[in-house]
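Q: dropping the sequence and predicted coords here.
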Amino acid sequence: MANVNEDEDIFEIVDYTTASDWERFIARIEEILSEWKLNGPEMSNNEIDFADGKWNERDETLEFGEYSYVLTHFSLQIQEAVTVPPTESNPQMTSSTSFEKQTFIPPRAMADMMSRRNDFPSRSPYLSHWYGLREFLILSPKRNNDAITHEDRANLLLSSAAIAVSNVGCNVPIFIRVQHEWRNMFIGLCEGSGLRTHFNICHLKNAPYQHRHLSGLLEIFKSKLGSNISNDTVVMVAVRFTYVLKEFESTISRQILPRDESGMPVLTELPFGSLYDPVSGLHLSCTWPLFSEELVTENDDCNDFDPLLSQQWAIGVTLLDDLPVLLGETVQEYFKLSTQRESIEQLLGKIQTSDDPSNNSMNMADPIKRISDSRTQQYWTSISSSISNTTNKLRVNIFNPPLPPSVVEKIIAYLFNERSNLDRQRSIVDESLDNTERIRQLKSVPKDSFVYRLVVCLASICSLPSYNHLRSIAHIWHDVIQELRTHWETGTYIPGLESGSPNLSYSKFYHNLQMLNCCIEHRLRHQNDTTGVDDQSGEQDEDGDEFFECSSVPASSKANTSELQPEGRLKPCGDLKLLNSNEILYIPVTQECPPVTEDMLDEQTTVLTNLGSSEEATLLRAKMQSRSLLSDMESFKAANPLGTMEDFVRWYSPRDWVETEEVDNDGNIQKRYALSLRMQLPDNLWTEVWQQARPVPVRRQKRLFDDGKEAEKILQKLSSLTPGEVLEQLIPVLLHTVYDRVNKEVYDMEDANASALVETLYNKSLQVVKGKDERKMKLQQDYVDYLTTIEQYICRFQSFKQKLFPSDLDHHEKENMIEFITELHTRPEMPVKDAASSRLGKQLVSMFTISKPSTSQADNSNTPEVKNQFMTPAGKEYILRASLGRPSQSRSRPSPQRMYCMLAQDEFRLCGAFSEDTTFF
């Protein structure tokens, strides 16, 4: 009995307060809506333009059973809302029970559904486009393989969402994504002010035959409204037809790689543009914004929608994604090749130009031999001429020449053709910009100079398809080196370079070529000065150093030949006379200051720095820097045998000849002259050099500038560069050529706003030039990306211009069209002012009309006539609206009813939003 009593006392406690998964799911939705502050009254019902705002998205993840969902909030952000009078925003409410005349305020979503202000928006999410909503929620599966394909599951989610939005008082429409994502199907609802709107979508691949026109769609719409529609209920309709043009005359960018008459590429201009038309499609939308159903007819027998009579036209373009452009790809390849370090021999093979070993040895002479015998004339044979020569005398060990000989010959002719020396000048394209300052900042070269043209050719090679770019560049560079050597050995100036000493504001590569021209100039001058002089005048000293030969003023003959005879006089130095005699002080003929390049200055600085700071190093450093001073002092002593150190200073450094005033015992002011304090310091370098100097005229002095040695150094330095190193040194020049090319295209666009793009490109060029090694790769890639963006923009602009620009535009119309095309880049579509009657409209009519033959029935000849007809629309969109009470016509308040219809070639979509009164039914 005891056990029985114990069993009777035990009972199970069931806790009915534990929340189920469904309840927790609803609570989570309510929590998210509260966090997003969607549980309060709406801020404004003002009319706004969707095209003026930006769509914002935010989402949260939530769980329900074994599935994960994402709740996403879409809202339109408007900087400044514009209030529109109700009569203007909703003139379709023509019945006496207008929606705006009610005493209650409907949810904002229902007002947006009835507003025609944003019918057929050009840029908005799907649901906004279909229903005209500015704010909505979407509940969708987190994983694509969890698509909501069962009706029970969809209804459960919708009812859960309905409970949540009702509990928190949310008036924002909420949708449930059903079926697979690609179908874009939703069900949803919106509640507020005692009204409820149900959203449903029907999606088919093909439209039923009877519903392909407005008349059939009106039947569907009215059937959804019910059978008790009053006679005063008016269905307002908005229609848009879209015509798509994909096959039009090709307008490929005109800046592509040109070819000569033999079909070979011409590599004397940077490529620009795209090989493909950036515009893949053009669509024209014709809209009839508002009319009553009784005003128009559209069925199989009659169609009142004539696009030429539409007053609202809009045009849009379909662009190719990731449009390949030539200049951007060329620069990308150039940067890539600049990192390669294969030598010319590795790329082309060992080059032999003669069967005779002795001749080969002579051609490939040792650099030391070249330096010690700079007058030896040597003739090198270029690769191209070796390839084209079929005799046994010349052999080139290149199995597959990278470039045809004819192409290389034209490039060499383009680089070395005779032209006048360059002067600093403003850019030909944009004279308002100081091109010289840009060259200085980029460390580039003058436009159209030898180096400028060389970079254009090398960069153009990088754009050639089906060619080994690095081998081709090695081919060109080898021939350029041989041509430079030929110019040096024959005494021919290198064209396209500024005359005179190297201009240190340009690139180092340019300095070396200017120095080579200086060597040629000195050699020619040396040969001219020694013409007719005895062979002994060119004798060399025991060290093999050449003496400078220069004609001098004949010295006065004197009876006593043992006295020093003045030599090398140029002209008197004004009225100055020697201090210790009454003879005139003559300016001597001196050697020119040796030209230097930036590389030479760097080498000298390194050598002087490495000497150290000891007294011996300081003395040695001073002697190295006083070679020119010693030469000038010897020339001065030869021209003024009775001259002193003070006389030399008076001519050479007048600032060190100081004038002082002293008062004597009689009170008179006496002027005295003396050397400056720095000249009077003990162990003064000038004094030591003066004591060492001998009276040697310039024609018998050692040459300060040995053109033979310097020329061989430059040629050997250039020959030792790999093709990749050449490209790397010429990157600043490449950026300059690209800037000029883009600037020219922007100038041809005649778009003032595009100049800002070029300035940004120039700033990125400076970043690449000044960037450090660790950031150089990233800066180069950023530059290429921005260059590609600009080139794509210009290509699209040119394509728009060729397609849409009518002929014979005046200045004002041209400016308007340029502005129109510029905005077309950033907007999905642009309205066409005055529609078909405008200049642009007439141009579009000619593009979108097709010619169809028709048989004339006026006579019996059956003469075919050509009739222009607008093409068949690729898509038709309809919006049907009405305001009436549901479910009871007599008791329910008028509520918004809307249906969006879209008919395309392979799609038929109906999006219904039907409302009912939940208070008075």
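A: Received the coordinates, thanks. The shown structure was predicted, so the numbers you read here are calculated from the model rather than taken from an experiment. Residues are numbered from 1 along each chain as shown.
Q: for the closest residue to residue 695 other than its chain neighbours, what are its contacts?
A: For residue 695, ignoring the flanking residues on the chain, the nearest one in space by C-beta to C-beta, 6 or more residues apart in numbering is residue 637 at 3.8 Å. (C-beta placed from N, C-alpha, C; glycine too.) Neighbouring residues of residue 637 by C-beta atoms under 8 Å, 6 or more residues apart in numbering: 643, 693-696.
Q: switch to 7 Å and redo it
A: 643, 693-695 (C-beta atoms under 7 Å, 6 or more residues apart in numbering).
Q: after the helix or strand harbouring it, heading C-terminal, what element do we hit next?
A: Element membership for residue 637, per DSSP states H and E: helix 627-639. Heading C-terminal from helix 627-639, the first helix or strand you meet, by DSSP H and E, is helix 645-652.
Q: need the buried ones from the contacts of residue 637 selected in PyMOL.
A: Burial among the contacts of residue 637 is assessed by 16 or more other C-beta atoms under 10 Å; the matching PyMOL selection reads:
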select buried, resi 643+693+695
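Q: between the contacts of residue 637, which is nearest residue 55?
A: The shortest approach to residue 55 among those belongs to residue 693, at 85.4 Å (C-beta to C-beta).
Q: quick check: the closest one touching residue 632?
A: No. Counting by C-beta atoms under 7 Å, residue 693 does not reach residue 632; the two are 8.8 Å apart.
Q: what strand or helix carries residue 454?
A: Using DSSP H and E, residue 454 falls in helix 450-461.
Q: where do the helices sit along the stretch 351-500 of the chain?
A: 357-363, 367-372, 383-388, 405-416, 435-442, 450-461, 469-490 (DSSP state H, counting those that start in this stretch).
Q: need the three-state assignment for the most centrally placed residue in the chain.
A: The centre of the chain sits closest to residue 787, judged by C-alpha atoms, centre = their mean, with a distance of 1.8 Å. Three-state assignment for residue 787 (DSSP: H, G, I helix; E, B strand; the rest coil): helix.
Q: can you list the domains in this structure?
A: 21-38+51-77+105-208+215-230+881-917, 569-696 (the TED database).
Q: distance between the last one and the chain's centre?
A: By that I understand domain 569-696. 56 Å (C-alpha atoms, centre = their mean, to the nearest Å).
Q: if we can go back for a sec, buried set for the helix holding residue 637?
A: 629-639.
Q: closest to residue 714 among those residues?
A: Among the buried residues of helix 627-639, and counting by C-beta to C-beta, the member closest to residue 714 is residue 631, at 23.2 Å.
Q: does the closest one touch residue 703 like I think?
A: No. Assessed by C-beta under 7 Å, residue 631 is found out of contact with residue 703, at 9.2 Å.
Q: residue 218: neighbouring residues, count only.
A: Neighbourhood size, residue 218 [other C-beta atoms under 10 Å]: 18.
Q: tally up the residues packed near the nearest residue to it once chain neighbours are set aside, please.
A: Leaving aside its sequence neighbours, residue 218 sits nearest to residue 293 (C-beta to C-beta, 6+ apart; 6.0 Å). Look at residue 293: counted by other C-beta under 10 Å, it has 17 neighbours.
Q: assess the claim that residue 293 and residue 233 are in contact.
A: No. Using C-beta under 7 Å, residue 293 makes no contact with residue 233, being 10.3 Å away.
Q: OK, contacts around the residue lying closest to residue 693 once chain neighbours are set aside?
A: Distances taken as C-beta to C-beta, 6+ apart place residue 633 nearest to residue 693, at 3.9 Å, with adjacent residues excluded. The contact partners of residue 633, taken as C-beta under 7 Å, 6+ apart, are 648, 689-690, 693.
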